[in-house]
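[1] no sequence on hand, only this structure:
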């Protein structure tokens with residue numbers, strides 16, 4: 001992971017890119033205990049393939065509540081919207097970042113600015129790892145308790161609809177041991193979409209060529225969502 005991220009950072013120093021400043025922007029959200037630079041390879045790939053501006057948002061260590069992180073992300077989206085008036089914003093989020101993006105889409109934005117939200121290895125139904133972490137950290141890590149299977153946060157988020165004009169995708173890795181594929185599946189609801197990649201683990205969903213191509217394809221064909 002570090003090797004690929006460092007390679008992407010280094011290539012960015014020499015690669016001259018001209019993202020489409022006036023086109024629909026893409027925001028990337030990282031996962032728990034990660035940092036935005038791990039998403040550099042995905043940023044570079046989407047910039048090249050789609051000629052759109054790709055922006056990484058820093059969520060920090062991820063120990064705060066997911067509600068609080070979603071409110072901070074909403075403020076960030078407002079600033080992006082001021083630079084791209086009239087354009088929808090698409091979001092690609094890894095792991096915990098996908099829950100932040102889902103909360104933002106369903107409870108705060110409600111179709112005002114966000115278009116397509118693609119989550120990668122996100123525990124929409126919780127993950128046992130979060131339950132173990134919540135028991136260890138207690139109140140120091142409220143986000144972990146929210147990511148535990150059966151949490152009130154996940155149940156309420158599942159009940160909320162995806163607004164008209166938006167879509168929520170879950171891309172799961174069938175070899176993911178951090179967030180097993182069944183834990184990443186969205187319920188069968190309007191504008192919920194599930195996809196899976198064989199042999200992809202938790203980090204292949206960010207660094208793997210198959211996952212990157214799938215994300216680019218979804219963003220290309222979902223520019224206008226009915």
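    That came through fine. Keep in mind the model is a prediction, meaning the values are calculated, not measured. Residues are numbered from 1 along each chain as shown.
[2] switch to C-alpha atoms for all contacts and neighbour counts from now on
    Noted.
[3] doesn't residue 220 fall inside a strand?
    No - per DSSP: H, G, I helix; E, B strand; the rest coil, residue 220 lies outside any strand segment and is helix.
[4] mind checking pLDDT for the nearest residue to it once chain neighbours are set aside?
    Among residues not flanking residue 220 along the chain, residue 50 sits closest, at 7.4 Å (Cα to Cα, 6 or more residues apart in numbering). Predicted confidence (pLDDT) for residue 50: 96.
[5] may I have the phi/psi pair for residue 50?
    Dihedral angles of residue 50 (phi, psi; degrees, to the nearest 10) stand at phi -110, psi -10.
[6] correct me, but it touches residue 217?
    No - using Cα atoms under 8 Å, residue 50 is not in contact with residue 217; the gap is 9.3 Å.
[7] residues near residue 161, how many?
    16 (other Cα atoms under 10 Å).
[8] name the helices or strands packed onto whatever helix or strand residue 194 lives in?
    For residue 194, the host element (DSSP states H and E) is strand 192-197. The helices and strands touching strand 192-197, judged by 3 or more Cα pairs under 8 Å, 6 or more residues apart in numbering; DSSP states H and E, are strand 167-173.
[9] repeat that with 10 Å
    Applying 3 or more Cα pairs under 10 Å, 6 or more residues apart in numbering; DSSP states H and E, one finds that strand 192-197 contacts strand 114-120, strand 167-173, helix 181-184, helix 204-207, helix 209-221.
[10] which one of those lies nearest to residue 85?
    Closest of the helices and strands packed on strand 192-197 to residue 85 is strand 114-120, at 12.6 Å (criterion: Cα to Cα).
[11] Three-state assignment for the residue nearest in space to the middle of the chain, please.
    What sits nearest the mean C-alpha location of the chain, by Cα atoms, centre = their mean, is residue 93, with 1.1 Å. Each residue gets one of three states, and residue 93 gets strand by three-state DSSP.
[12] so in the chain, which helix runs the longest?
    The longest helix of the chain (DSSP state H) is helix 66-83.
[13] next structured bit after the helix or strand encompassing residue 48?
    Here residue 48, judged by DSSP H and E, is contained in helix 40-50. Using DSSP H and E, the helix or strand that follows helix 40-50 towards the C-terminus is strand 54-57.
[14] given that next one, what are its sheet partners and their directions?
    Each strand paired with strand 54-57, and its direction, by DSSP bridges: strand 26-29 (parallel).
[15] relative to the whole chain's centre, how far out is the partner strand?
    Taking Cα atoms, centre = their mean, to the nearest Å, one finds the center of strand 26-29 at 7 Å from the center of the full chain.
[16] quick check: mean pLDDT of that strand?
    98.
[17] quick one on the thing from earlier: show me what contacts the residue nearest to the centre of the chain?
    If you count contacts by Cα atoms under 10 Å, 6 or more residues apart in numbering, residue 93 has them with 27-31, 39, 56-57, 99-102, 117-122, 170, 206.
[18] 6 Å instead, please
    The neighbours of residue 93, taking Cα atoms under 6 Å, 6 or more residues apart in numbering as the test, are 28-29, 119.
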